[in-house]
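> Model the following, please.
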Amino acid sequence: MDALQHTLKKSVSFAGIGLHSGKPVRMAIYPDEVNSGIRLLRSDLGQLEPTPAFMDRVVDTRLATTVETVGKASVSTVEHVLAALYGLGIDNAVIVVDGPEVPIMDGSAAPFVRVLRRVGRRRQQARRWMLKFNREVCFQDDQGRSVRIEPYSGFQVDCRIDFAHAEIGSQQFEIDLTPHNFATEIAGARTFGFFREVEQLRKNGLALGGSLDNAVVINDQGVMNSDGLRYADEFVRHKVLDLVGDLALLGFPLLGRVVAEKSGHGQHLGLMQAVSAHPEAWDIVALENGGEYRVLQQLAESTKAVGDRILPYLLPPSLALSPARG
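Numbering: from 1, shown residues only. Down below sits the predicted model:
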């Protein structure tokens, strides 16, 4: 785990269509100052100040994760770009979108990762505060779908899925997340869906931009994409990608092992809310020389006193709680 925060060396830009809206959209990602975190801005609405990409801003988890920006406006399908930033260890950046949805690109995080890696990261002179779990936190819904975080010295994900389709069936994938592992093992896994559901989704104004160019589509015979799958277990790897992107909304890099059983965006949000409700299960720490962790007592105590949410350490410099934060 990096001991210091990082941002981009320079800005990058992307253009594509929204998976659900089907409309053209442009997006740029800019470097940002220390302790700013990942923030979102709708340029088409004249939004002046970016909004933190934080769990308390999530307003919808159906088929994608949607974050409210300003007023009633929002940005949807944020999970892939958030996963790219989180997976590559980029702590501070502003995502500027000129519409209500992040471009879907090829349905994975790979296009974002390629450009971000080519530009590179810039180390910043500020400690990187992390959420370190000392006991398990779990969320389970009434259909048996669950996701939990256990104590672990790094960031590990163990994801399991089960679909009643011969092409998918039961799949399991476990990985220790590092920037290299994320880029090579997770980023390229594409979103997927069933052909039989496409018509109904489009009647409801969803998946209007979906195609074989930006999703793996499955019918009764199997995968419809002419180039097949990128990985034999691409489906579960994409679920890992979504999980990483959603958990980025906690506002902290994680030190823990995440175990997901048939979970989706709604369950991921449920887990984050459970984390907020159980502040006794974690500490906010920074990595010190020699591999020891320093607990940020002032922020941890004030956060635990609130109890109903995690106070983000990702504050603008003018709002930093103490010199120790830098």
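> Figure out the helix or strand that residue 72 lives in.
Per DSSP states H and E: residue 72 is located in neither a helix nor a strand.
> I'd like the distance between residue 247 and residue 155.
Distance from residue 247 to residue 155, counting by CB to CB, to the nearest Å: 9 Å. Just so you know, the C-beta spots here come from the backbone N, C-alpha and C atoms, and that holds for glycine as well.
> Which one of those two is surrounded by more residues?
Taking neighbours as other CB atoms under 10 Å, residue 247 and residue 155 compare with residue 247 leading, 29 against 23.
> you'd agree the more buried one is in a strand?
No: according to DSSP: H, G, I helix; E, B strand; the rest coil, residue 247 belongs to no strand; its state is helix.
> Let me see the contact set for it.
86, 254, 258, 268, 271-272 (CB atoms under 8 Å, 6 or more residues apart in numbering).
> Tell me which two in the residues you listed are the farthest apart.
Greatest spatial distance in the contacts of residue 247: 86 and 271, 15.3 Å, computed using CB to CB.
> and the closest residue in space to residue 286 that isn't next to it in sequence, how many neighbours?
Leaving aside its chain neighbours, residue 286 sits nearest to residue 127 (4.3 Å; criterion: CB to CB, 6 or more residues apart in numbering). Applying other CB under 10 Å, we find 21 residues neighbouring residue 127.
> pLDDT below threshold where in the stretch 1-150 of the chain?
By pLDDT under 70, the stretch 1-150 of the chain has no low-scoring segment.
> quick one: the helices in it?
Using DSSP state H, counting those that start in this stretch, the helices found in the stretch 1-150 of the chain span residues 79-87, 110-119.
> Buried residues, the last one. List them.
By neighbour count, with 16 or more other CB atoms under 10 Å as the criterion, the buried positions of helix 110-119 are 110-113, 116.
> same deal with stretch 137-150?
Buried residues in stretch 137-150 (16+ other CB under 10 Å): 137, 139-140, 145-149.
> first to last residue in that stretch, what's the distance?
Using CA to CA, to the nearest Å, the end-to-end distance of stretch 137-150 comes out at 7 Å.
> Quick one: residues in contact with stretch 214-234.
The contact list for stretch 214-234 (CB under 8 Å, 6+ apart) reads 17, 19, 104-107, 165-168, 171, 173, 188-196, 198, 210, 212, 235, 237.
> sorry, that was for stretch 51-64
By CB under 8 Å, 6+ apart, stretch 51-64 touches 19-20, 37-41, 65-70, 74, 76-79, 82, 95, 201, 206-207, 248-251, 264-266, 268-269, 272-273, 276, 309-310, 312, 314.
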